[in-house]
Every structure is written in structure tokens, then in C-alpha cells.
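Participant: Sequence and predicted structure are below.
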Amino acid sequence: MEDQDLTWRKSTRSSNGGATCVELAGAARHVAVRDSKDKAGPRIEISRSAFRRLVTDVKQGRYTL
């Protein structure tokens, strides 16, 4: 999937104008993640179910952030 087909967004809680943040874009079968400082750089694609598990784990404090 090409980037122009995705709508990227940052958290409303990102600091520094979002310069040190990741951006997310939802696609049909995955969530794409990229560094907000390097929009043309690499990105990772995570299945929607794996992304939901990640968010749940973060909310439950399973990771040291």
C-alpha cells in the first residue's frame, strides 16, 4: 500500500508539536506506524489484532515506557 492511500495521524497528546512522536494510519488489514520526524523513511505494519493487543497491554502497564 502506498503512503498516499493512507491518512496518517498523531496523538493529540504528543509534545513538541509532534516532532518526537510516531504516526499511525489504519488500513484494511493492518495499522501502519512511522516516525513523525522521517515521513519518507521506513514504516512497520502490524495486524489490527496485534495492535489491539499492544494497546491493551500498554494500558494495563505490562511495559516499562
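Facilitator: That came through fine. Residues are numbered from 1 along each chain as shown.
Participant: show me the contacts for the nearest residue to Ser47 once chain neighbours are set aside.
Facilitator: Excluding its sequence neighbours, the residue lying closest to Ser47 (CB to CB, 6 or more residues apart in numbering) is His30, at 5.6 Å. (Each C-beta comes from the backbone N, C-alpha and C, glycine too.) Neighbour list for His30: Glu45, Ile46, Ser47, Arg48, Phe51 [criterion: CB atoms under 8 Å, 6 or more residues apart in numbering].
Participant: Buried ones among these?
Facilitator: For these, a burial check counting by 16 or more other CB atoms under 10 Å picks out Phe51.
Participant: is it possible to export the contacts of His30 to CSV including pLDDT?
Facilitator: Converted to CSV, these look like this (pLDDT from 0 to 100):
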residue, pLDDT
Glu45, 95
Ile46, 96
Ser47, 97
Arg48, 95
Phe51, 94
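Participant: for this protein, which spans come out with low pLDDT?
Facilitator: For the chain, the stretches with pLDDT under 70 are 1-4, 16-19, 65.
Participant: what ranges do the helices span in it?
Facilitator: Secondary structure of the chain by DSSP state H: the helices cover 48-59.
Participant: residue boundaries of the strands in it?
Facilitator: Here the chain has its strands, by DSSP state E, at 22-26, 30-35, 43-47.
Participant: mind checking which of those is nearest Trp8?
Facilitator: Proximity to Trp8 (CB to CB) singles out strand 22-26 among the strands of the chain, at 4.4 Å.
Participant: in that closest one, what's buried?
Facilitator: Quick answer for strand 22-26 (16+ other CB under 10 Å): Val22, Glu23, Leu24, Ala25.
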